[in-house]
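Novice: pasting the sequence and the predicted model now:
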Amino acid sequence: MQRRYITVDVFTDRAFGGNPLAVVLDAGGLSTAQMQAIATEFNYSETTFVLPPQNRGHDAEVRIFTPVRELPFAGHPNVGTAFVLARRSNEPWPRLLFEEKAGIVPVEIWREQGEVVGAELTAPQPLARLAKLSAEEVAACLSLTADDIKTDLHVPEAVGVGTPFVVAELHSREALRRANPDAAAFARTLPQGGAFSVYFYTRDIAAAEAGCDLQARMFMRGTGGFSEDPATGSATVAAAALLATLDPLRDGELKLTVGQGFDMGRPSILRTTVEKEGGALLNAYVGGNCVQMMEGTFNLAGEA
């Protein structure tokens, strides 16, 4: 059986930017082990598998795999998968509803002059604040010093809106640039609150990055050691929800434009919105543009 796939660069408006994603369109009948093997073969930060929905009121079941494990929710896989499905459809869908391990994920389709150009997801879960870490612990994970970690607004904290990440603020763009994952420190420190990865950001924006409110990076453990993610929507929207929680605004929207992947040569732009009412968070969103890259088919041994 031939199975179709499409690859797409997410959170970018140009080829070879953003975060690559593989979308397997004909995933029915694949076992979990087969999906994991296929994701390992693609070796992108994530691969999605599109299945018929269990509830006919939804548009698809989407399963998300890194090269080493399945995720309950992730950002750029939702944005990229919605982009791919909307481009292939003859229907002008305003949004899609995906069934995922973390819950139902609504994804709004972005269009310009009738063409699908991107998408924006709604976080499937409210912000969970799961564990606090010391500046020293997180600095060691990043090969930095505790003085590089900024703690006046929040200490490093494991937070999530579907998938948890340790989120930390740095004082400077220079510290963000020289961060490097330390395997021994990661092994000592993580997981914390279910978080296996560290997402860290700064408000110190370089002149060439004007237009961004934050500049961020994210380190995670992969098949061959540690890797860096060029755009992490689920961590970005969790960080935006944390910052909105700490903001004194009681009613309205807080918007952030976040750059990521710039130090990798894969610049990404992620746009977040968090709604508040009466001091409480209502919904958190993250979206961006996408570019389709490749498409093809593959066969699995033993399948007719």
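Specialist: Yes, it's here.

Novice: direction included, what does the longest strand along the chain pair against?
Specialist: Looking across the chain with DSSP state E, the single longest strand is strand 280-299. The strands beside strand 280-299 in its sheet (DSSP bridges) come out as strand 2-10 (antiparallel), strand 115-122 (antiparallel), strand 268-277 (antiparallel).

Novice: reformat those strands as CSV; add distance to Val105.
Specialist: In this view, the C-beta of every residue, glycine as well, is placed from N, C-alpha and C. Output for the strands paired with strand 280-299, formatted as CSV (distance: least, Cβ to Cβ, whole Å):
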stretch, distance to Val105
strand 2-10, 15
strand 115-122, 6
strand 268-277, 15
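
Novice: so which of those strands gets nearest Thr145?
Specialist: strand 268-277 (27.3 Å; Cβ to Cβ).

Novice: ok, and for that closest one, which residues are buried?
Specialist: Within strand 268-277, the residues that count as buried by 16 or more other Cβ atoms under 10 Å are Ser268, Ile269, Leu270, Arg271, Thr272, Thr273, Val274, Lys276.

Novice: what do you get for stretch 244-251?
Specialist: Quick answer for stretch 244-251 (16+ other Cβ under 10 Å): Ala244, Thr245.

Novice: got the CA positions of that stretch in PDB?
Specialist: The C-alpha trace of stretch 244-251 is given here as PDB (Å, rounded to 0.1, in the frame of the first residue of the first chain):
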ATOM      1  CA  ALA A 244      -0.100  36.700  30.500                       C
ATOM      2  CA  THR A 245      -0.900  35.200  34.000                       C
ATOM      3  CA  LEU A 246       1.800  37.400  35.500                       C
ATOM      4  CA  ASP A 247       0.700  40.500  33.600                       C
ATOM      5  CA  PRO A 248      -1.500  42.900  35.700                       C
ATOM      6  CA  LEU A 249      -4.000  43.300  32.800                       C
ATOM      7  CA  ARG A 250      -7.300  41.900  33.900                       C
ATOM      8  CA  ASP A 251      -9.300  42.100  30.700                       C
END
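
Novice: start the count at 6 instead of 1 going forward.
Specialist: Fine by me, first position is 6 from now on; the one you just mentioned is stretch 249-256.

Novice: list just the nearest of the buried residues of strand 273-282 to Val242.
Specialist: Looking across the buried residues of strand 273-282 and measuring by Cβ to Cβ, the closest to Val242 is Thr277, at 5.7 Å.

Novice: give me the beta-bridge partners of the closest one?
Specialist: Bridge pairing for Thr277 - DSSP bridges - gives Leu261, Val291.

Novice: cool, and the one 5 residues further on?
Specialist: Beta-bridge pairing of Glu282, defined through DSSP bridges, involves Ala285.

Novice: what does stretch 95-104 contact?
Specialist: 58-60, 62-67, 83, 86-87, 90-91, 109-114, 116 (Cβ atoms under 8 Å, 6 or more residues apart in numbering).

Novice: so Leu35 touches Val55, yeah?
Specialist: No. Leu35 lies out of contact with Val55 (Cβ atoms under 8 Å); the separation is 10.7 Å.

Novice: what touches both of the two?
Specialist: Listed as contacting both Leu35 and Val55 by Cβ under 8 Å, 6+ apart are Val29.

Novice: and the end-to-end length of stretch 53-62?
Specialist: 21 Å (Cα to Cα, to the nearest Å).

Novice: kindly apply the preceding question to stretch 276-291 instead.
Specialist: Note: stretch 276-291 ends 5 Å apart using Cα to Cα.

Novice: pLDDT (mean, whole number) over that stretch?
Specialist: Averaging pLDDT along stretch 276-291 gives 97.

Novice: do the same with stretch 183-197
Specialist: 95.

Novice: mind exporting the C-alpha coordinates of that stretch to PDB?
Specialist: These are the backbone C-alpha positions of stretch 183-197, laid out as PDB (Å, rounded to 0.1, in the frame of the first residue of the first chain):
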ATOM      1  CA  ARG A 183      26.000  31.200  23.600                       C
ATOM      2  CA  ALA A 184      23.800  28.700  25.300                       C
ATOM      3  CA  ASN A 185      24.700  25.100  24.700                       C
ATOM      4  CA  PRO A 186      23.000  22.000  26.100                       C
ATOM      5  CA  ASP A 187      24.900  20.100  28.900                       C
ATOM      6  CA  ALA A 188      23.900  16.400  28.800                       C
ATOM      7  CA  ALA A 189      25.000  15.700  32.400                       C
ATOM      8  CA  ALA A 190      23.000  18.700  33.800                       C
ATOM      9  CA  PHE A 191      19.900  17.700  31.800                       C
ATOM     10  CA  ALA A 192      20.200  14.200  33.200                       C
ATOM     11  CA  ARG A 193      20.500  15.500  36.700                       C
ATOM     12  CA  THR A 194      17.700  18.100  36.400                       C
ATOM     13  CA  LEU A 195      15.000  16.700  34.100                       C
ATOM     14  CA  PRO A 196      12.300  15.600  33.900                       C
ATOM     15  CA  GLN A 197      10.600  18.200  36.100                       C
END
